[in-house]
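Q: Turn this into a structure:
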Amino acid sequence: MLYARLIVSRLFKAVIVLFMIIIFNFFLIQMAPGDPAAILAGEAGATDAEFLRQLTERFGLDQPLHVQLWRYVSGVAMLDFGFSYRQQVPVLDLILARLPATLLLTGTAFVLSLVLGIVAGSLAAARVKKPSGSLIMALALVFYATPLFWVALMAVVLFSVYLDWLPAYGMYTVGAGLEGFAFALDVGKHLILPATTLALFFMAIYTRMTRASMLEAAQQDFVKTARAKGLKNSVIQRRHILRNALLPIITLAGLQAGQMVGGAILTETVFAWPGIGRLMFEALQQRDYNLLLGIFFFSAALVIVFNIITDLVYRLADPRIKEAS
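A: The predicted model follows:
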């Protein structure tokens with residue numbers, strides 16, 4: 001019952017937050033430079049005022065701002081995000097076609113970064129005064145400070161161009177006609193480079209956070225009591241220190257999960273991964289504002305969903321936490 005009330009409360013707040021985000025994004029797009037109708041008219045080679053007027057009326061850009069806002073908000077309430085100016089298909093269809101690829105990439109990168117970050121941070125905390133611990137933290141600092149796009153490009157050059165171990169772009173081999181398990185293996189092979197590249201930055205953050213949290217937890221009285229009882233160091237590290245150090249990591253992971261969708265833009269662009277990050281980049285170049293608004297909405301919704309899941313996991317990890325009034 002407690003979790004049910006929590007979910008209902010979070011969903012109610014999520015609706016309010018989404019409504020505010022919708023309004024903010026609408027006015028943000030309105031202030032952006034460029035006219036979609038003028039751009040399409042210029043690409044079509046028709047610069048006369050009549051053709052431009054027809055395009056403006058077709059897209060509804062001739063209506064007053066409050067009318068456009070009402071039409072957009074009422075459409076979003078019915079999950080109608082309009083049509084893409086460029087591709088002339090419903091925005092919802094375009095996003096739903098690309099969303100699984102983004103969820104696969106970000107989900108894999110999230111799990112990979114979280115698991116490897118906790119393991120590396122635990123090893124660094126256990127070897128805090130040893131060269132191996134310093135090496136782990138040095139590598140984490142390098143991955144944290146290195147730009148994501150540079151890592152992606154170097155990964156392509158090394159593993160695809162020179163070594164020819166992994167494919168450089170795409171989600172699967174075009175024209176191979178693979179099905180079933182063979183297709184899954186092909187997708188997994190294409191997933192290695194972009195998922196690993198995206199995970200490295202966040203893995204460095206989790207490594208540093210895990211090490212700091214474990215070193216702080218190691219100074220608590222319950223750890224001293226466990227050592228006085230004669231427990232093995234491995235048991236103390238795993239059952240007492242790491243378990244209590246996970247709470248701030250869970251909080252950080254919930255925040256970083258939403259940021260991964262934004263970080264996927266560069267990764268998807270470099271590796272030509274057909275997700276909504278690359279779709280957002282293309283829509284921005286083409287001034288496809290309806291498509292941009294739809295992507296912004298889904299990105300915000302994903303962040304809110306991740307935050308709700310984080311709240312639930314946080315309460316499962318620490319039953320002492322009560323629902324805030």
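Q: hey, let's count contacts and neighbours off CA atoms from now on
A: OK.
Q: Can you tell me which helix or strand of this protein has the lowest average pLDDT?
A: helix 36-44 (a mean of 60; mean pLDDT, DSSP states H and E).
Q: list the helices and strands the longest helix anywhere in the chain packs on?
A: Counting residues, the longest helix in the chain under DSSP state H turns out to be helix 180-217. Helix 180-217 sits against helix 91-126, helix 131-145, helix 148-155, helix 243-270, with contacts defined as 3 or more CA pairs under 8 Å, 6 or more residues apart in numbering; DSSP states H and E.
Q: got the buried residues for whatever helix or strand comes next after it?
A: Next in sequence after helix 180-217, counting helices and strands by DSSP states H and E, comes helix 221-228. Residues of helix 221-228 classed as buried: Val223 (neighbour count, 16 or more other CA atoms under 10 Å).
Q: how far is helix 221-228 from where the chain is centred?
A: 39 Å (CA atoms, centre = their mean, to the nearest Å).
Q: next one: stretch 246-253
A: Centroid separation for stretch 246-253 versus its chain: 17 Å, with CA atoms, centre = their mean.
Q: roughly how far apart are Val151 and Val261?
A: Between Val151 and Val261 the distance is 18 Å, computed by CA to CA, to the nearest Å.
Q: Tell me, how many residues neighbour Val17?
A: 14 (other CA atoms under 10 Å).
Q: Now do it, the pLDDT please.
A: Looking at Val17, its pLDDT is 86.
Q: and if you look at Thr108?
A: 90.
Q: show me the contacts for it.
A: Neighbouring residues of Thr108 by CA atoms under 8 Å, 6 or more residues apart in numbering: Ala195.
Q: Likewise for Thr251?
A: If you count contacts by CA under 8 Å, 6+ apart, Thr251 has them with Thr310, Tyr314.
Q: Kindly provide the distance from it to Ala4.
A: Using CA to CA, Thr251 is found at 21 Å from Ala4.
Q: Ok, Phe24 next?
A: 30 Å.
Q: And the pLDDT at Leu112?
A: pLDDT recorded at Leu112 is 90.
Q: Need the nearest residue in space to it, chain neighbours excluded.
A: Ala199 (6.4 Å; CA to CA, 6 or more residues apart in numbering).
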